[in-house]
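In: Sequence first, then the predicted structure, then my questions.
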Amino acid sequence: MTYGSKTWSLTMALIRSLRVTQRAMERAMLGVSLRDQFRNEEIRRSSKVFDIAKQVAKLKWQWAEHIARRTDGRWGPKVLEWQPR
């Protein structure tokens, strides 16, 4: 579900849709329907799955750290350290 998320623009709409999809997957894993009216916190506790929004943010920071550590002359660090005239 997080494939390619390192390069996504993390907007509130995207976070909301990721969380909705994750909740649907968790309900399917546990065999719980919406009619059962379990709270999201109870489902999260039962499934023991991490919050997808936090995971995507963590992956984005890991990618940024990876790009910043490069020393092979690519444009990533050059753009980060660029000083306009």
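Out: Arrived safely. Numbering: from 1, shown residues only.
In: For stretch 42-54, buried residues please.
Out: Buried residues in stretch 42-54, counted by 16 or more other C-beta atoms under 10 Å: 43, 47, 52-53. Placement of C-beta: from N, CA and C, glycine included.
In: any idea which element the residue nearest to L34 when sequence neighbours are not counted lies in?
Out: Leaving out its chain neighbours, the residue that sits closest to L34 by C-beta to C-beta, 6 or more residues apart in numbering is R27, at 7.3 Å. Assessed by DSSP states H and E, R27 sits inside helix 12-30.
In: For that helix, output the C-alpha coordinates as CSV.
Out: Coordinates of each C-alpha in helix 12-30 appear next as CSV, following Å, rounded to 0.1, in the frame of the first residue of the first chain:
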residue,chain,number,x,y,z
MET,A,12,-4.7,15.8,3.9
ALA,A,13,-7.0,14.3,1.3
LEU,A,14,-4.4,11.6,0.5
ILE,A,15,-3.9,10.9,4.3
ARG,A,16,-7.7,10.6,4.7
SER,A,17,-8.0,8.2,1.8
LEU,A,18,-5.1,6.1,3.0
ARG,A,19,-6.6,5.8,6.5
VAL,A,20,-10.0,4.9,5.1
THR,A,21,-8.4,2.2,2.9
GLN,A,22,-6.4,0.9,5.8
ARG,A,23,-9.5,0.7,8.1
ALA,A,24,-11.3,-1.2,5.4
MET,A,25,-8.5,-3.7,5.1
GLU,A,26,-8.3,-4.1,8.9
ARG,A,27,-12.0,-4.8,9.0
ALA,A,28,-11.7,-7.4,6.3
MET,A,29,-8.8,-9.1,8.1
LEU,A,30,-10.8,-9.3,11.3
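In: Contacts for it, please.
Out: Here helix 12-30 makes contact (C-beta atoms under 8 Å, 6 or more residues apart in numbering) with 1, 8, 33-34, 40, 43-44, 46-47, 49, 51-53, 56.
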